[in-house]
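A.B. asks: build the 3D model from these lines:
(3 chains)
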Amino acid sequence: MAFQPCGVLTLTTDFGHKGPYVASMKGVMLTRFPAARIVDLTHETSVHWPAEAGFWLRRAYPYFPRGTVHVGVVDPGVGTGRRIVAALLDDHLFLAPDNGLLAPLLADRPTAQVVALDPKIFASLGATAPSATFHGRDIFAPVAAELAAGRLPLPSIGPRVELDELVPSWVDEPQRVGAEVHGTVITFDHFGNIITNIDGALLGGMQRPVARLAGQDFVLRRTYAESAPGEYLALVNSFGVVEIACAEASAHEGLGAERGAPVIVRDAPSP
Amino acid sequence: MAFQPCGVLTLTTDFGHKGPYVASMKGVMLTRFPAARIVDLTHETSVHWPAEAGFWLRRAYPYFPRGTVHVGVVDPGVGTGRRIVAALLDDHLFLAPDNGLLAPLLADRPTAQVVALDPKIFASLGATAPSATFHGRDIFAPVAAELAAGRLPLPSIGPRVELDELVPSWVDEPQRVGAEVHGTVITFDHFGNIITNIDGALLGGMQRPVARLAGQDFVLRRTYAESAPGEYLALVNSFGVVEIACAEASAHEGLGAERGAPVIVRDAPSP
Amino acid sequence: MAFQPCGVLTLTTDFGHKGPYVASMKGVMLTRFPAARIVDLTHETSVHWPAEAGFWLRRAYPYFPRGTVHVGVVDPGVGTGRRIVAALLDDHLFLAPDNGLLAPLLADRPTAQVVALDPKIFASLGATAPSATFHGRDIFAPVAAELAAGRLPLPSIGPRVELDELVPSWVDEPQRVGAEVHGTVITFDHFGNIITNIDGALLGGMQRPVARLAGQDFVLRRTYAESAPGEYLALVNSFGVVEIACAEASAHEGLGAERGAPVIVRDAPSP
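C.D. replies: Here you go, the predicted model:
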């Protein structure tokens, strides 16, 4: 359970960019660890819905250096007794509330190691008493800074937690059901692409995969540029999951799909 | 009036994220002070309304390291003769137009020390001639960089200004009026929480404080999670001020309050 | 063609702030070049329209230190055979798709030196195979990091390209036509200012310049503060181009102009 921090931290929240919410987390981190290099992963996940934050963390963490500390704070249960957990996976460390946020990351990773933050360890850091409503700044930020600074060895922060003791995901993992793959719309990006949690690897063996959303079928292409502007398509996107897009336009505006909507990919009959 | 810079700067503006307005301030800072660590406090304060920027600076600065230089640029008077002032408070330095922006920070801080930037000092920095419309980039950024780099001792930048010579706040400070506390809606956050300038300390002695906004009463709770989703509440938030919220929903959308609206907190009779 | 990198990189994209698109570019850069200092120029240019990104790069790059690597990714042709080019100008390096993005930068700069990225050079960097849809992360980020780290000398990355071999701009450069200057609306900022590509230098000799947009005339002023709140005006803004504004309000909301609309500046007759 050794973790070698590299000094990089990422932040994933539903705080948006109004007010100093994210900034005050950074201030706390820089106060404890002046050499921290802090990257905003995104602060525009669906509010109060941890599933998107965990989804993007799973998809994005491999692009960061080993030794990165990733902090995810989508925390509707802040101020209740929910635990804070740290997970070590592929030499990356993830810190989040135990509310299902990390579940997409840990779903198929039995070797991940998870510990729960011991309040006594937190007390030993000399941080000011946490507010009831902003643990991102008052608990996550100082703990993450100490972990990233290499001053808080991971195993010492609290008791080991088994993966099946964690709060489960708010969204089912995609799965193969006979010849189909069943998944879920997780979010929409700035271009209006509709992003599902269906990993492209689940489509293995399909010759002409077609994604079905809200009663419509979308043939999978390789790039946006293979479709004419305004034409709908599906593809396995650059983060490895199926998305439904509209070339040079917004599929989300055009189709109006909702977060959480079911998506099915199947193999079309040969023409 | 000694100031020991730590190399951190924060930026608070109403520039939003379109175009290179903020970025060009950072470019100027990094050109003069390559080791600067620059944090965006927020760039989404109400445009042309300095009161929100000063409010958030007051509430957020304690989370940054001592020695931070905080730059606030909400500057509808840019290009007129309005002064630029620097205030030293708790080993933090604040640089802003003299347009009321800093007033919320300085309201109850008689020990703060304020100087006005002398145009001759600015001229001595070798910066290019300022544009008429973007002093954030052309004056604030180079001056802040020199201050943060420790090359411009604070007292030398211009004449001392007494606190009562500064342009006053655009919003009254909250005050106790008999058994009530009177304050003002300052802003709304990304969650739709309605944020007032009423410091929780002003509620001392109240047993069952209730906030009144637009004719409706909201009982103060400790956390969002103490209310059922969709239920309205008030609380003293993590920045120490009264806010009116709706659990897991947007109070701002639901209640439609305006910036500047009056809010009164009083003690409810025992049930 | 020597380029001395200073360790600063800027990012200009149409990715917005939802999802980890920008963040994963930063993660790749920090993995290869831990000392990189990365500045977001803007991520809110018009989607799928390279002209705005190039416009802002042209206007903002001089505020960054010499030796900065500027990455522009507005890339509707990603996954097709479009080239990636690097341009050296004033000791700044620009990396972008060859889709017209850099044209506003290079329009009047015959001394700029441009090379096309050789796929074999990219292959030599040991990056993972690029996805079909996100070259910003998979090609631009690793190449930019190597350039900024000083490990990839610019001339070696591929063959020289003549300026007239580049894909032309999507928008005509502004030009003097008799006594008038003809230009184009490029974008709108957070304040609702309507920003054209008409360089103030083109107005040389005019005594009372007036900008015409959508049949209305706007007299040029020096600052916003010279107009009463709510009054329309034009001015040469802090980036050196003509903009049409509404004092303390949004000209874009008030006038409803479209990106690409024609703007003409002429000299008004003496009163």
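A.B. asks: what values do phi and psi take at the residue nearest the centre of chain A?
C.D. replies: Nearest to the geometric centre of chain A sits A:G54, at 2.4 Å (C-alpha atoms, centre = their mean). Backbone torsions for A:G54, taken as degrees, to the nearest 10, come to phi -70, psi -40.
A.B. asks: please apply the same query to the one 4 residues further on.
C.D. replies: For A:R58, the backbone dihedrals (degrees, to the nearest 10) come out as phi -60, psi -40.
A.B. asks: need the contact list for it.
C.D. replies: By C-beta atoms under 8 Å, 6 or more residues apart in numbering or on different chains, the contact set of A:R58 is A:104-105. In short, each C-beta sits where N, CA and C put it, glycine included.
A.B. asks: again with A:V47
C.D. replies: When the contact criterion is C-beta under 8 Å, 6+ apart, the partners of A:V47 are A:14, A:74, B:190-191.
A.B. asks: quickly name whichever of those residues is closest to C:V78.
C.D. replies: Taking C-beta to C-beta as the measure, C:V78 sits nearest to A:D14 out of these, at 28.8 Å.
A.B. asks: so how far is A:D14 from A:R83?
C.D. replies: 19 Å (C-beta to C-beta, to the nearest Å).
A.B. asks: check A:K26 too.
C.D. replies: From A:K26 to A:D14 the distance is 17 Å (C-beta to C-beta).
A.B. asks: who's more crowded, the two?
C.D. replies: A count of neighbours by other C-beta atoms under 10 Å in any protein chain shown puts A:K26 above the other of A:K26 and A:D14, at 26 against 23.
A.B. asks: can the helix or strand where the more buried one lies be found next to chain C?
C.D. replies: If you go by DSSP states H and E, A:K26 is part of helix A:21-32. No: between helix A:21-32 and chain C, judged by C-beta under 8 Å from any C-beta of the partner chain, nothing touches; the nearest distance is 11.2 Å.
A.B. asks: so which residues on chain A come close to chain B?
C.D. replies: Counting by C-beta under 8 Å from any C-beta, chain A sits next to chain B at A:14-21, A:23-24, A:26-28, A:30-31, A:34, A:47-48, A:76-80, A:131-134, A:137-138.
A.B. asks: apply 6 Å and report the result again.
C.D. replies: Neighbours of chain B within chain A, by C-beta under 6 Å from any C-beta of the partner chain: A:15-20, A:23-24, A:26-28, A:30-31, A:47-48, A:76-77, A:79-80, A:131-134.
A.B. asks: which among those count as buried?
C.D. replies: Buried residues within these, counting neighbours by 16 or more other C-beta atoms under 10 Å in any protein chain shown: A:15-20, A:23-24, A:26-28, A:30-31, A:47-48, A:76-77, A:79, A:131-134.
A.B. asks: for A:R160, give its distance to A:I84.
C.D. replies: Going from A:R160 to A:I84 by C-beta to C-beta gives 14 Å.
A.B. asks: near chain C, anything from the top strand by length along chain A?
C.D. replies: Assignment by DSSP state E gives strand A:180-188 as the longest strand of chain A. No: residues of strand A:180-188 contacting chain C under C-beta under 6 Å from any C-beta: none, with a closest distance of 7.1 Å.
A.B. asks: give me the low-pLDDT residue ranges for the stretch 51-200 of chain A?
C.D. replies: Low-confidence segments of the stretch 51-200 of chain A, defined by pLDDT under 70: none present.
A.B. asks: could you pull out the helices in it for me?
C.D. replies: Counting by DSSP state H, counting those that start in this stretch, the stretch 51-200 of chain A has these helices, from start to end: A:103-106, A:119-124, A:135, A:141-148.
A.B. asks: highest average neighbour count across those?
C.D. replies: Of all the helices of the stretch 51-200 of chain A, helix A:141-148 carries the top mean neighbour count, a mean of 26, counting by mean count of other C-beta atoms under 10 Å in any protein chain shown.
A.B. asks: so what touches it?
C.D. replies: With C-beta atoms under 6 Å, 6 or more residues apart in numbering or on different chains as the test, helix A:141-148 has contacts from A:5, A:9, A:25, A:28-29, A:32-33, A:36, A:69, A:71, A:95, A:125, A:127, A:152.
A.B. asks: and those residues, which two are the farthest apart?
C.D. replies: A:P5 and A:A127 (18.7 Å).
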